[in-house]
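K.L.:
Sequence and predicted structure are below.
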Amino acid sequence: MTVLTLRDLRITYHTTGGGVPAVRGVDLEVAKGEVLGLAGESGCGKSTIAGAILRLLPASTKVEGQILLDGEDILAMSPGKLRAVRWAGASIVLQGAMHALNPVQKVGEQIAEAIVVHGQATEREARVRVGALLEQVGLPTRRIDDYPHELSGGQKQRVMIAMALSCNPSLVIADEPTTALDVMVQAQVLRLMKELQRDLGLSMVFITHDLSVLVEVSDRLAIMYAGRIIEEGPANQVFHDPKHPYTTALAAAFPEIGDARFRHKPSGLGGDPPDPQQIPSGCSFHPRCPVAFEDCTTIDPSLFDAGEGRRAACLLVKGSPVVSAEERA
Amino acid sequence: MAVATPEPQVQPKARSARSIAWTRRRRALAHHWHTYRKSRSGMIGLIVLVLFASVALLAPLLVDPIQLSVVHAPGLAYQPPGPEHWLGTDNFGRDVLSLMIYGSRISLLVGLTATIGTMLIGAAVGIASGYYGGRIDTVLNGVTNFFLVLPWIVLAIVLASILGRSVVNIILVITITSWAGTTRLVRAQVLTVKERPYVERAKALGAGDWHMVTRHILPNVFPVIFANTVLTVALAILAETTLSLLGLGDPNAVSWGGIIEEAFNAASLTAGYWWWLIPPGIAIVMVTLSFTMCGYALDEILDPKLRER
Amino acid sequence: MGSQRYLLRKVLHAVLTLFFVLAFNFYLFRVMPGDPYTLLARSERLSRDQINQQIDALGLNDPMVVQFVNYLRDTLTGELGISVQNGFPVTTLIGERIWPTTLLVGLSTLLSTVFGLLIGIRGAWRRGSTFDTSSLYGSLVLYSMPEGWMGMLFLLLFAGIWGIFPAGGRQSAQQLTGLAHFADIANHLFLPCLTLTLGYIGEYAIIMRSSLLEVKNEEFVQTARAKGVRDRDVRWHHAVPNAILPTLTLVFYSFGFVLGGAIIVERVFSYEGLGSLTYTAIGQLDYPVLEGVFLLSSAAVILFNLFADIMYGYLDPRIREA
């Protein structure tokens, strides 16, 4: 059963300098109980997708394609239905350590607000629920009357998680939930999220630029570059046996501690991601690709089959028409 | 096959850090100007100001100073606008349009000079206070906050009464009542800049105070000061008007506020001399509004958060 | 506990500032070169003996320190001197005029704050709309207008040409009571109050608008929206409470400027309050009155700032707990 389906999603921001195509045709599916990791550098479009799922992008943004949540098209919903689906259908965990919590409102009230707004309980009942949620994320119940500034970064992140779970959503989108945290706290929060996902059978989209984090929590991985998905497949396989040169570079940039392979070949990738308004011809990655060849500048590869449940958008992938032609030659 | 002799390679001259920095600044300036031009209100404000400034500078050429003389007044008193006097005449028979043209000089002069004074003192105290910190900051900040608390107009009244009525004194009074506002702004900005990594690095490298202030603090505080300056001129012109309307203006200098004051005293309201009373006010509004719009346009350039997404 | 300490600190600070104001006042009026009291004593209306009497009575022959202590004692017990113009005690003069000015300033401050904030909120929330653009430019124009001149325009229009409102003063010459009296006061109060309100509403609207625009882009507003909260509630329960605190503080801190506007407006409308008292005092070089007004207005501003700090401390949980 599929919880989330993205079909040919195209998102263009409207700015004074013209349209900025942040997402250029993305197809994704998240099955029930599955964790999909979405990785890529800043500006690749992953956070845009996160915002698009609940239609939180600025009003001037053009969103085309289909976003199906539990089978219903988000983009076609009326405002009233949309508000009902927000949080109860899918919720977002943002970087709580930053300003994702209202500074002048108690955290308990903020969590309860979601419950009450969706008519799931009265204010008094909601408060009880909030206490239970706080315990679930490992916070003492007395924190319910605290203000955000009284909590540490890690605690605020736990509050965000509790808030995201408050209306029992079908899907939880985690947008860089651990990026702003210290490494030790990061590990704790990740462990918590893994446990909750397992215990509650949550479906999750986990967005981050840190591949090593994703490998731990995700069942499947999708790598984004310049607004498109360029590789997709089971998490472990994608990480340890990447088919796209970009994935290789990304995986190499975040070594796993203790893995001898990484200790001996640390590597980075030169250059910057392309300006969305000036995407290179052919394969958008070719200017930075260490193994690019002539065809890469003219042919824009789509996602080719690269094995069991795996796809990659690279001309070098076995089974792509170009390679087959070469092999034939 | 003839092979062309290659031209001897000319090595580019090594440039000092100073000249690189200035090239960068010039380029940034060109970029800022380009951004500024996109702001419609900013451009309108700028054009209006250029017009008024031109009139003020060219005043002696446009109007014979003798027109201002009470004794040699060209027309009959209290004349409504007509072909000879486009804005009518005042109680002495002087041409109101000529008075307005000359009035622009004093109004703009007071506004600009008082602002320069305010910015100089405000920047000096603000930078000293923010940069040195510690006891110097406590003292200077205390003085600044004290001046911020004093109601400016009452202080201005008292000072003007004691010092006497002259253009110089008006400029002085406005400066004394305005510097604290600028200081607060500058100090806050200096404190922000002080925390930045390159400042700490310069200090670790052993940079002296003078070097720090002139090469690091000042260039980064300057944009904020500049935008604030433009807004301050608007306030200074309004302040001059207010003081004139309290009878504290220079009786010998014609300023727009002064014209309004004289018109009011001659019972223009009841007698209906609207041509004498209204134009100076409109001029003040136009100039003040223009400075304000320019100031906001500059603010937007400096603080990207304010710009439209 | 923390809030008590905060309160105490702010009150002490206010008292200290007040003391410095007193000292500064003393310096201005007694110590500055060409000091007004000597000038006063040399006024031509008094004979030699009377002048000497005055100098002695005013203690101008005593050493500075003694003068200062006497001055402190006098001021704090309400002894503010005698007006030069009419011989009345300054305290009496101020006393009979303080209510009209409080009414004028209080009412216009309330109106300009409430409406200014509402306009700013609406403009920011619907940025780029017709309302926003027109209210923004309207605010800028009002901000650029000298209040005195604006008052004159209103007088010209409403009183001179159309004759709807009286041409000045606080009340009619006839003795009215009850409802008629109330209506009369309101009638005379309308234009000055309108002028003073419009004079500052623009500024407050602009400040509120900027503040809300900044807050609107904060992440927690996104979170609220993502939770399915209605736009109206996002605005009033999340965005505005965060944007309004710094705005209100700025509004309170600008009270000193409102007082300035009040002086001019009272003069233009011949409204018998502290403002017109000050104006006539300027013309007559009535330093005791000016001194009294200076003290009173400074104290009022200090009080307002203190009130702003207290309000902020009470409403912002981050300060409350500190």
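P.N.:
Perfect, I can see it now.
K.L.:
hey, let's count contacts and neighbours off CA atoms from now on
P.N.:
Will do.
K.L.:
Which secondary structure state does the residue nearest the centre of chain A sit in?
P.N.:
The residue lying closest to the centre of chain A (C-alpha atoms, centre = their mean) is A:Ile207, at 2.4 Å. Of the three states, A:Ile207 takes strand according to DSSP: H, G, I helix; E, B strand; the rest coil.
K.L.:
Count the neighbours of whatever residue of the stretch 51-200 of chain A ends up closest to chain B for me.
P.N.:
Per C-alpha to the nearest C-alpha, A:Pro58 is where the stretch 51-200 of chain A lies closest to chain B, at 9.5 Å. The number of residues packed near A:Pro58 is 12, by other C-alpha atoms under 10 Å in any protein chain shown.
K.L.:
And it, what's its pLDDT?
P.N.:
Predicted confidence (pLDDT) for A:Pro58: 87.
K.L.:
do the same with the one 5 residues further on
P.N.:
Per-residue confidence at A:Val63 stands at 91 (pLDDT).
K.L.:
So it: helix, strand or coil?
P.N.:
Applying three-state DSSP: A:Val63 is strand.
K.L.:
what's around it, how many residues?
P.N.:
Neighbours around A:Val63, by other C-alpha under 10 Å: 19.
K.L.:
who are the neighbours in contact with it?
P.N.:
A:Leu9, A:Arg10, A:Ile11, A:Thr12, A:Ala52, A:Leu75 (C-alpha atoms under 8 Å, 6 or more residues apart in numbering or on different chains).
K.L.:
For chain C, state which of those residues is nearest.
P.N.:
Nearest member of these to chain C, counting by C-alpha to the nearest C-alpha, is A:Ala52, at 10.8 Å.
K.L.:
Check the spacing between that closest one and A:Lys81 real quick.
P.N.:
16 Å (C-alpha to C-alpha, to the nearest Å).
K.L.:
Compare the two (neighbour count), which wins?
P.N.:
A:Ala52 (19 against 12).
K.L.:
Excluding covalently adjacent residues, which one is nearest to that one?
P.N.:
Leaving aside its sequence neighbours, A:Ala52 sits nearest to A:Val63 (C-alpha to C-alpha, 6 or more residues apart in numbering or on different chains; 7.6 Å).
K.L.:
So what sits opposite that neighbour in the bridge?
P.N.:
A:Ile11 (DSSP bridges).
K.L.:
Show me the domain layout of chain C.
P.N.:
C:2-76, C:91-306 (automatic domain parsing).
K.L.:
So which residues make contact with the longest helix anywhere in chain A?
P.N.:
Longest helix in chain A, counting residues (DSSP state H): helix A:183-200. Contact with helix A:183-200 is made by A:Gly33, A:Val137, A:Gly154, A:Gln157, A:Arg158, A:Thr178, A:Thr179, A:Leu202, A:Ser203, A:Met204, A:Val217, as judged by C-alpha under 8 Å, 6+ apart.
K.L.:
Can you add distance to chain C and pLDDT and give those back as CSV?
P.N.:
Shown next, in CSV, are the contacts of helix A:183-200 (distance: C-alpha to the nearest C-alpha, whole Å; pLDDT from 0 to 100):
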residue, distance to chain C, pLDDT
A:Gly33, 22, 91
A:Val137, 19, 92
A:Gly154, 17, 88
A:Gln157, 13, 91
A:Arg158, 15, 92
A:Thr178, 16, 83
A:Thr179, 15, 82
A:Leu202, 18, 90
A:Ser203, 18, 93
A:Met204, 16, 93
A:Val217, 24, 87
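K.L.:
hang on, the earlier thing: quick one: which of the contacts of A:Val63 has the most company?
P.N.:
Busiest of the contacts of A:Val63 [other C-alpha under 10 Å] is A:Ile11, holding 25 neighbours.
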